[in-house]
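Chemist: please work out how this folds:
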Amino acid sequence: MKHTPQSHLGAFLRARRGQLTPQECGLPDTDTTRKVAGLRREEVAHLAAISVDYYTRLEQGRVRASAPVLATLVRALRLDDDQQSHLFELAGRSGAHPRRRRSAQRVRPAIRRLLDQLTEAPALVLGRRLDILAWNPAAAALYTDFAAIPADRRNYVHLLFNDPAVRELHQAWEHDARDAVGALRMEAAADPDDPELARLVGALTIREPDFHTWWAEHRVNGAGYGTKRLRHPLVGELTLGCDTWTSPDGSGQRLMVLTAETGTPSHDALRILASWTAREPVADHPEDLTR
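Modeler: As a prediction, the model looks like this:
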């Protein structure tokens, strides 16, 4: 029998999933009659957010894996650097495999000056993967104390799903969360081999059924503006315009600003929040330099 590159890839995938257990991948193992060692095909497909049929055809050598799919398999199968390189080589995608570390995300001075000057309007600087790189006091008063959150968890999508205060803040949580997942999908398309993005998606896929469902839908969202309906525990309900501007330097950093129409209850609520934080400095800490 002639062995093709696809058959070698399938053999590697089968061998690797046989080396893993549901427990170490964060999956419940309630089946006491498991007949195969390691993970089932269905479990790998679930972790990678792809269909079981597609993953089966990959193992059988009947389809060629794309670079984005390979990136999700790297995370699902917990491959180390050498295994990642081997996977991409077997799939004929070695040129798509990342060869160097990504530069740290640095908040641009001009964007920081904008944060300094936005006193009433909550504002966030979002980087790759929608990481929250910086914020002004009004944003901390509206959302949460970002400084108290470890840098590796200070991510907009992660907080929407995992931070109770941020989740409860959004009256239309499902709508806003789906939009955020769509925005993260666009990040994945721009840099499908980002290991940090793979880890973020993997963790959310395993722990959050809604995220798993919406991620698998491949819906994208590149909207730069919209409306957010929030319910703050201290100042009540707010209807805010949400506008996002992308930095022109190619860094991918975005400034997200929330505003309210003058004379509305929402505008008054923002002014109250701003008065409570008037003496607090704009966030400035070592975590401004992130992965």
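Chemist: centre of the chain to the longest helix along the chain, how far?
Modeler: Secondary structure assigned by DSSP state H gives helix 173-190 as the longest helix of the chain. Offset of helix 173-190 from its chain centre (Cα atoms, centre = their mean, to the nearest Å): 8 Å.
Chemist: contacts made by it with the rest, please.
Modeler: Residues from elsewhere that reach helix 173-190, judged by Cβ atoms under 8 Å, 6 or more residues apart in numbering: 68, 71, 128-130, 156-157, 160-161, 167, 170, 194, 197, 200-201, 210-211, 214-215, 218-223, 226, 228, 252. Where you see a C-beta, it was placed from the backbone N, CA and C, and this is true even at glycine.
Chemist: turn the buried ones among those residues into a named PyMOL selection, would you?
Modeler: The following PyMOL line selects those of the contacts of helix 173-190 that are buried, judged by 16 or more other Cβ atoms under 10 Å:
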select buried, resi 68+71+128+129+130+156+157+160+161+170+194+197+200+201+211+214+215+228
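Chemist: and the closest residue to E120 other than its chain neighbours, helix, strand or coil?
Modeler: What sits nearest to E120 in space, not counting adjacent residues and going by Cβ to Cβ, 6 or more residues apart in numbering, is A274, at 4.3 Å. Under DSSP: H, G, I helix; E, B strand; the rest coil, A274 falls in the helix class.
Chemist: A274 touches A123, doesn't it?
Modeler: No: the criterion here is Cβ atoms under 8 Å, and A274 misses it with A123 at 11.6 Å.
Chemist: need the overlap of contacts for the two.
Modeler: Residues touching both A274 and A123 (Cβ under 8 Å, 6+ apart) are A138.
Chemist: out of these two, which sits in the busier spot?
Modeler: Comparing A274 with A123 by neighbour count (other Cβ atoms under 10 Å), the higher total belongs to A123, at 24 against 19.
Chemist: which residues does the residue nearest to E120 contact?
Modeler: By Cβ under 8 Å, 6+ apart, the contact set of A274 is 119-120, 137-138, 141.
Chemist: again, but for W215
Modeler: Counting by Cβ under 8 Å, 6+ apart, W215 makes contact with 49, 181, 184-185, 201, 204-205.
Chemist: what's the pLDDT at it?
Modeler: As predicted, W215 sits at a pLDDT of 91.
Chemist: same question, the one 3 residues further on
Modeler: H218 carries a pLDDT score of 79 in this model.
Chemist: okay, now the unreliable bits of the stretch 1-150 of the chain?
Modeler: Applying pLDDT under 70 to the stretch 1-150 of the chain flags residues 1-6, 29-33, 36, 94-102.
Chemist: burial measure for R108, as a count.
Modeler: 17.
Chemist: now the phi/psi pair for it, please.
Modeler: The phi/psi pair for R108 (degrees, to the nearest 10) reads phi -70, psi 140.
Chemist: show me where the chain has its strands.
Modeler: For the chain, the strands defined by DSSP state E occupy 123-126, 132-135, 225-232, 236-246, 254-259.
Chemist: let's have those in TSV, adding distance to R113.
Modeler: Converted to TSV, these look like this (distance: least, Cβ to Cβ, whole Å):
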stretch	distance to R113
strand 123-126	12
strand 132-135	11
strand 225-232	22
strand 236-246	14
strand 254-259	11
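Chemist: what about G236, neighbour count?
Modeler: 12.
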